Every structure is written in C-alpha cells, then in structure tokens.
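[1] Got a sequence here, can you model it:
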Amino acid sequence: MTHAKARAAIERLVVDVPDYPEPGVVFKDITPLLADHEGFSAIIAAMADQGRDAHGRVVIDKVVGMEARGFILAAPIALALGVGFVPVRKAGKLPRRTHAVSYSLEYGEATLELHADAIAPGERVLLVDDVLATGGTIAATRELVEACGATCSSVAVLMELSFLPGRETVGDLPVTSLATI
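    Numbers count the residues shown, from 1 in each chain. Down below sits the predicted model:
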C-alpha cells in the first residue's frame, strides 16, 4: 500500500520539463512532489522500506544521499530509519580529507567526494538518489562507500529511466525504484 501511494503521488505531482538542462533532455521536476506533505511523506516511507528486512527491522547503518536532490530524500529516510545521513558532494565542497571518484553522467562529466571518515569500515549503507539514469552517480558513490571499507546493501530511487542503462551500470546492487519511466 505504501508503494502504491508513493507511485500515485509521483504520477500526480512530478512535472516534465522538456529541453532542460539541454535540448533533448526531459527533466523530471520533483519540487511539486516535495511541496505536497502527503506525497512527500508517502515517498519517504516507501523508500525507507529498502533499509528494512521482511520483518521491518532496520538492516543498514547509514543512508548516503548524492548531491543535490538525493540529499532531500536521503536525510528524512535516515531519520525514518533511525540511522545517520552522509552526503556525497561535488568536488571541492567538503572541508576535510575525502575520497574522490570521477565518472560520466547522462550529459557530462562529474567528480564526487565523500569525507574519508564519514562511514566506518563494515557499516552497511543504503544509497539514495532521485533518478537512476545512466547509473554513473550510483556506481561512483558505491566506489566512495567501498573506499571507506563499508558495504552498499542496496539503492532506493524515486524514478528509473528505463531507456538508459542504469541497472547494468549499477551491476549486482539491488535497486528499488518507485516509478519506471
């Protein structure tokens, strides 16, 4: 039921913006969904399920969210699960020693960083982002988490773009998507 409410909210509230940020790209604007308390609550509850086992027990130690829209989703998911939130930032945004990974994304190149001490060795991590497109951001984030000695247990995304190779890029990491486009 939680996932059905979340999917309905996504269908009702996410707005397509053609040719943004460049011609040919259809940007999925989630801001109306975030502004709707019922819809936002539904997606957070559904995505938080990825951090629990079949009995509802929390099976992760940290939630990692990727800049920038992943932050908006990951922080309340971490609160819902009673675990810590760790941001993965664009290069140069974190003030202390970091691990860094460069990668290709749907329309460009990027470098992500994670504080080297943000996740302890052996911790289990849930990766959270808004959209799974090419999978480059998630794959790079997985590298960062593993550089800390931790394990990525799974991925939770709001939407998956099925016409792009995201799942193949992510590999064996379980992915839960609330909506597939």
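[2] Please make it C-alpha for all contacts and neighbour counts, starting now.
    Will do.
[3] List the buried residues in the worst-scoring helix or strand of the chain on mean pLDDT.
    Ranking every helix and strand in the chain by mean pLDDT, DSSP states H and E puts strand 98-105 at the bottom, with a mean of 88. The neighbour-count check on strand 98-105 (16 or more other CA atoms under 10 Å) flags T98, H99, A100, V101, S102 as buried.
[4] Kindly provide the distance from the second one to L112.
    Just to be clear, that refers to H99. 8 Å (CA to CA, to the nearest Å).
[5] just the strands in this protein please.
    For the chain, the strands defined by DSSP state E cover 15-18, 26-29, 62-66, 84-90, 98-105, 108-115, 124-132, 151-160, 175-180.
[6] Out of those, which gets nearest to G166?
    In terms of CA to CA, the element of those nearest to G166 is strand 124-132, at 5.8 Å.
[7] what's in contact with the closest one?
    50-51, 59-66, 69-71, 73-74, 138, 141-142, 145, 150-161, 166-167 (CA atoms under 8 Å, 6 or more residues apart in numbering).
[8] and if you look at stretch 168-181?
    Contacts for stretch 168-181 (CA under 8 Å, 6+ apart): 3, 6-7, 10, 43, 46-47, 50, 134-136, 138-139, 152-163, 167.
[9] repeat that with 7 Å
    3, 6-7, 134-136, 138-139, 154-162 (CA atoms under 7 Å, 6 or more residues apart in numbering).
[10] so for that stretch, what's the average pLDDT?
    Averaging pLDDT along stretch 168-181 yields 94.
[11] ok, now which ones touch R96?
    H115.
[12] please redo it, this time with the cut-off set to 6 Å
    The contact partners of R96, by CA atoms under 6 Å, 6 or more residues apart in numbering, come to none.
[13] What confidence value was assigned to it?
    97.
[14] Next one: it relative to K62, how far apart?
    For R96, the distance to K62 - CA to CA - is 19 Å.
[15] tally of neighbours for the residue lying closest to V59 once chain neighbours are set aside?
    Residue nearest to V59 in three dimensions, not counting chain neighbours: R52, with 5.3 Å by CA to CA, 6 or more residues apart in numbering. Neighbourhood size, R52 [other CA atoms under 10 Å]: 14.
[16] same thing with G82?
    G82, neighbours per other CA under 10 Å, totals 14.
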